[in-house]
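[1] This is a predicted model, with the sequence first.
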Amino acid sequence: MAGTDGQGQAGAGDHKKEDFRKYLEKNGIIDALTKVLVGLYEEPEKPESAMEYVKQFLGGPSDVDVEALRSENEELQRRIEELLQRLDEMSGIAGQSATQDTQSGTLTGGSPVGGAEGVPI
């Protein structure tokens, strides 16, 4: 009986593998990989990096320094945060200034609030 359970599990695994193979075939992955591997095999002078050859053939980026891009992204995120904080600070200062000027009846620059001289608020 123990042998029957093992075959049932193996059958389920085979079913998953077959489903995955059909998925790859349906989406053209098997054909694309076959073409790139045949191209690599038929290449008279083998490239130094087979991985770069495959990436280039499949249209992927090559010679991309992922760590440098991540570092740059983190730096830019920090810069955005700094600028947003400065914007909040400047907005607060501008808001306080406008409130003070409104209370005195003039805008910054000495013009009366409302834009016309002698018009009360």
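    Nice, thanks for sending it over. Numbering: from 1, shown residues only.
[2] for this protein, what spans make up the helices?
    Applying DSSP state H to the chain gives helices spanning 2-26, 29-42, 50-58, 66-104.
[3] mean pLDDT lowest for which of those?
    Mean pLDDT across the helices of the chain is lowest at helix 2-26; the value there is a mean of 79.
[4] How many residues are close by Asp14?
    Each residue near Asp14 was counted by other C-beta atoms under 10 Å, and the total is 10. To be clear about C-beta, it is placed using only N, CA and C from the backbone, and glycine gets the same treatment.
[5] Can you give me the separation between it and Val66?
    The gap separating Asp14 from Val66 is 37 Å, by C-beta to C-beta, to the nearest Å.
[6] so how many other residues sit close to Lys35?
    So Lys35, with other C-beta under 10 Å, has 13 neighbours.
[7] where does the residue nearest to it when sequence neighbours are not counted sit relative to Arg86, distance-wise?
    When the adjacent residues along the chain are set aside, Lys35 lies closest to Phe57, with 7.7 Å between them (C-beta to C-beta, 6 or more residues apart in numbering). Separation of Phe57 from Arg86 (C-beta to C-beta): 47 Å.
[8] So those two - more neighbours on which side?
    Between Phe57 and Arg86, counting by other C-beta under 10 Å, Phe57 is the more crowded of the two (15 against 10).
[9] My read is that the more buried one contacts Val38, right?
    No - counting by C-beta atoms under 8 Å, Phe57 stays clear of Val38, with 10.5 Å between them.
[10] need the contact list for Ile80.
    Residues near Ile80 by C-beta atoms under 8 Å, 6 or more residues apart in numbering: none.
[11] Quick check: it vs Leu87, distance?
    For Ile80 relative to Leu87 (C-beta to C-beta), the value is 10 Å.
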